[in-house]
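K.L.:
I'll drop the sequence and a predicted model, then ask my questions.
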Amino acid sequence: MLLLHGYPQTHAMWHLVAPTLAEQFTVVCADLRGYGDSAKPLGDATHGAYSKRTMALEQLELMRELGHEHFALVGHDRGARVARRLALDHPDAVTRLALLDIVPTTTIYARLDQARAISVWRYFFLVQPPDLPERLIGADPGFYLRWTLSEWAGRPDAIDPAALAEYERCFDEETIVASCEDYRAGATIDLEHDRADHGRLIRCPVLVLWSKSGLGSTYDVLGIWREQAARITGRALDCGHFLAEEQPAQVAAHIGEWLTA
């Protein structure tokens, strides 16, 4: 199986989940394009370099290079958006899909109200023209990173110090630029691709896990995803946004049981 991380993290976010899953499955944890130690190509006016279609194809090529033509796919946050696109564009490759704590980007922009706009402010801040968000974040990247993690987490000690050190190591100038391009793509070219696929269902079985006090307090998460997939199951977990770090045993158990059902 392939595990894909979210913003503003790296593959290290799976450090409490991957060892348990590896007892039963072959597990690959990858850094997304623009994050961690992966390449960070420059973007352009189209933001195509960071479209989820481009990022998904890159992950598919990685798995093929490792000898895996067919695989289960698990994604959190931005990684879940890449995973969803991979399952749509390459349905024969993805046997099962697990999405952690997201709803589709089209849903986020289409259902905005005052409360949601306040809670998803990065969808408006990070997409501003270069290099406004890059300069503001870059003025104190460590503060911004820690503040972001704290804001989304369900408890103060949610992020292990060793994992936090890894996130801080990787949150450099190139990553800040690339992650803004990731969000800009989400507000432009990714929406175009999603709207072109309107009504097209994800074919493989889908597991959705989400934070009860976060995403689940704002959206009917399972109801939304039932409009996107033919076979779906899921549940809320009692934690903040970082499910794999706040409730690792539950996440590993739900994914393992779902894969072997």
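P.N.:
Received it, and whenever you're ready, just let me know what you need.
K.L.:
my read is Leu97 is in a strand, agree?
P.N.:
Yes. Assessed with DSSP: H, G, I helix; E, B strand; the rest coil, Leu97 lies in a strand.
K.L.:
Does it touch Val82 like I think?
P.N.:
No. Look at Leu97 against Val82 with CB atoms under 8 Å: they stay out of range, at 11.2 Å. Just so you know, the C-beta spots here come from the backbone N, C-alpha and C atoms, and that holds for glycine as well.
K.L.:
Common neighbours of those two, please.
P.N.:
Gly75 (CB atoms under 8 Å, 6 or more residues apart in numbering).
K.L.:
out of these two, which sits in the more crowded spot?
P.N.:
With neighbours defined as other CB atoms under 10 Å, Leu97 and Val82 compare such that Val82 has more, 30 against 26.
K.L.:
thinking the more buried one is in contact with Thr54, fair?
P.N.:
No. Taking CB under 8 Å as the definition, Val82 is not a contact partner of Thr54, at 9.4 Å.
K.L.:
Name the SS class of Ala80, please.
P.N.:
With three-state DSSP as the basis, Ala80 sits in helix.
K.L.:
contacting residues for it?
P.N.:
Counting by CB under 8 Å, 6+ apart, Ala80 makes contact with 4, 6, 99-102.
K.L.:
now these in CSV, with distance to Pro141 and pLDDT?
P.N.:
Shown next, in CSV, are these (distance: CB to CB, whole Å; pLDDT from 0 to 100):
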residue, distance to Pro141, pLDDT
Leu4, 23, 99
Gly6, 17, 98
Leu99, 28, 98
Leu100, 25, 98
Asp101, 24, 98
Ile102, 24, 97
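K.L.:
Looking at those, which one is closest to Ala22?
P.N.:
Leu4 (16.1 Å; CB to CB).
K.L.:
Can you name the residues bridging to the closest one?
P.N.:
Ala30, Gly75 (DSSP bridges).
K.L.:
What about it, how many residues nearby?
P.N.:
29.
K.L.:
Same check on Phe124?
P.N.:
Applying other CB under 10 Å, we find 14 residues neighbouring Phe124.
K.L.:
what residues are up against it?
P.N.:
Ala117.
K.L.:
Quick check on the contacts of Ala80: which are buried?
P.N.:
Among the contacts of Ala80, those buried by neighbour count (16 or more other CB atoms under 10 Å) are 4, 6, 99-102.
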